[in-house]
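Asks: structure here, sequence nowhere to be found:
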Ligand code: OSB
Ligand code: MG
């Protein structure tokens, strides 16, 4: 297929309530919708998922948009590709800039699946050689808040059927809140995400082990590999890396050097679906566990995550909670959520549609 047109539509999704992590408090979520057309007039969609600020990752939304316009699109415009992986290979000429690459890669996979008249999940299953599920159990990520609000949020999440609940924490002191929560609700599937905010102490491993966690995500800053390895050695609870996982090599190294046992996969951080498929290959050789992380995606990003998370090698429910939980208005039709499971769309491609308003706005954008 030949790639002919690109359109970009910057959007701001307003959160129903602020999402608070150890890094920042988010009120609004910027995304740029990316629409890619082939020579037959088919359109595929992707999303730039970098934030406005460089606090969670180095690349910001504005940087990613700039790189996509100035460098990535000119590399592939009017080029002929038989497969999205071939296009991604071409993008490798540009160093890093994974968020920009991911948006184009997502749109390319959507286009590819549409041309084959298959759902993206079915295409990814075929390409990876893994089966996919039609209903995927999903988890929820609960932002920083006090104990009473945390207990309420956990009760609501359990009621909605979520099979894994992740709670954001900030700093060693905050482990006390989780201890108190465990006194009220000792047994549900709980994970923590410290977003790098913990300090190593002699008692840390023991304190974490007492919380009956499925795993703990990013206790230390991404550069503190040795500290993570040391903690993992002392701790029964599996350690999971999210923020340090930017490519296959970082995942492979972290697992091989026993810095973590579990990997959270974010296709936007890794540069798209293509590198995640490479990671899946590495996983079958090295046998680590992985799951699909989230970063408050809009409808297109959520659908791409779900297609990946439907593959049976994703070992834990992903951060794929229903989008209506975060946003009053998303820009696509919703994925179907029922009793803690998302239904994988059977339609061609990503399987969600742009709402008419956004389709119109997109058409008004210049063609690149
Ligand atoms: O660290 O996993 C994270 C959201 C934004 C940025 C980073 C993270 C998160 C979340 C929310 O935890 C996950 C979701 O999208 O539901
Ligand atoms: Mg995280």
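Replies: Perfect, I can see it now. Since the structure is predicted, the reported quantities are computational estimates derived from the model, not experimental observations. Ligands and ions are numbered 1, 2, ... in the order given.
Asks: quick check: residue 353 vs residue 96, distance?
Replies: 32 Å (Cβ to Cβ, to the nearest Å). Glycine gets a C-beta too; all of them are placed from N, C-alpha and C.
Asks: ignore what I typed, I meant residue 296.
Replies: On the measure of Cβ to Cβ, residue 296 and residue 96 end up 22 Å apart.
Asks: right, and residue 254 touches residue 239 too?
Replies: No: contact criterion Cβ atoms under 8 Å: residue 254 and residue 239 do not qualify, at 9.3 Å.
Asks: shared neighbours, these two?
Replies: Shared contacts of residue 254 and residue 239, defined by Cβ atoms under 8 Å, 6 or more residues apart in numbering, are found at 228, 260.
Asks: quick revisit: settle it for me: which of residue 296 and residue 96 has more neighbours?
Replies: Set residue 296 next to residue 96 and count neighbours by other Cβ atoms under 10 Å: residue 296 wins out with 19 against 13.
Asks: sec struct for that one, please.
Replies: Three-state call for residue 296 (DSSP: H, G, I helix; E, B strand; the rest coil): coil.
Asks: isn't residue 348 right up against residue 112?
Replies: No: using Cβ under 8 Å, residue 348 makes no contact with residue 112, being 10.4 Å away.
Asks: neighbour-wise, which of these two wins?
Replies: More crowded of residue 348 and residue 112, by other Cβ under 10 Å: residue 112, with 25 against 18.
Asks: chain neighbours aside, what residue packs nearest to that one?
Replies: residue 84 (5.2 Å; Cβ to Cβ, 6 or more residues apart in numbering).
Asks: show me what contacts the one you found?
Replies: Residues near residue 84 by Cβ under 8 Å, 6+ apart: 105, 108, 109, 112, 273, 274.
Asks: next one, pLDDT for the third one please.
Replies: The score at residue 109 is 98. That number is its pLDDT.
Asks: which ones are touching it?
Replies: Counted by Cβ under 8 Å, 6+ apart, residue 109 has contacts 44, 84, 120, 123, 124, 272, 273, 274, 304.
Asks: at 10 Å what do you get?
Replies: Shown in contact with residue 109 (Cβ atoms under 10 Å, 6 or more residues apart in numbering): 44, 46, 83-85, 87-88, 120, 123-124, 127, 267, 272-274, 277, 304, 307-308, 349-350.
Asks: can you tell me which of those are in helices?
Replies: Under the assignment DSSP state H, the contacts of residue 109 contribute 84-85, 87-88, 120, 123-124, 127, 267, 273-274, 277, 304, 307-308 to helices.
Asks: ok, of these, which one's closest to ligand 2?
Replies: Comparing the ones in helices among the contacts of residue 109 against ligand 2 with Cβ to the ion places residue 267 closest, at 14.2 Å.
Asks: regarding the chain, what is its longest strand?
Replies: strand 3-20 (DSSP state E).
Asks: tell me which helix or strand comes right after that strand.
Replies: Using DSSP states H and E, the helix or strand that follows strand 3-20 in sequence is strand 25-38.
Asks: run the chain-centre distance for that following strand.
Replies: Between the centre of strand 25-38 and the centre of its chain there are 14 Å (Cα atoms, centre = their mean, to the nearest Å).
Asks: what residues does this structure put near ligand 2?
Replies: 193, 217, 242 (Cβ under 5 Å from the ion).
Asks: out of those residues, which sit inside strands?
Replies: 193, 217.
Asks: would you mind putting the residues of the chain next to ligand 2 into TSV with neighbour count, distance to ligand 1 and pLDDT alongside?
Replies: TSV is the format used below for these (neighbours: other Cβ atoms under 10 Å; distance: Cβ to the nearest ligand atom, whole Å; pLDDT from 0 to 100):
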residue	neighbour count	distance to ligand 1	pLDDT
193	28	5	98
217	26	7	98
242	22	5	97
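Asks: tabulate the residues of the chain next to ligand 2 (JSON lines), appending distance to residue 340.
Replies: Compiled in JSON lines, these are given as follows (distance: Cβ to Cβ, whole Å):
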{"residue": "193", "distance to residue 340": "19"}
{"residue": "217", "distance to residue 340": "20"}
{"residue": "242", "distance to residue 340": "22"}
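Asks: nearest to ligand 2 among the residues of the chain next to ligand 2?
Replies: So of those, ranked by how close each gets to ligand 2 (Cβ to the ion), first place is residue 242, at 3.6 Å.
Asks: does the closest one touch residue 228 like I think?
Replies: No: at 11.8 Å, residue 242 does not count as touching residue 228 under the criterion of Cβ atoms under 10 Å.
Asks: who touches both of the two?
Replies: In contact with both residue 242 and residue 228: 218, 222, 260, using Cβ under 10 Å, 6+ apart.
Asks: what residues are up against residue 361?
Replies: Counting by Cβ under 10 Å, 6+ apart, residue 361 makes contact with 7, 9, 10, 11, 33, 331, 354, 355.
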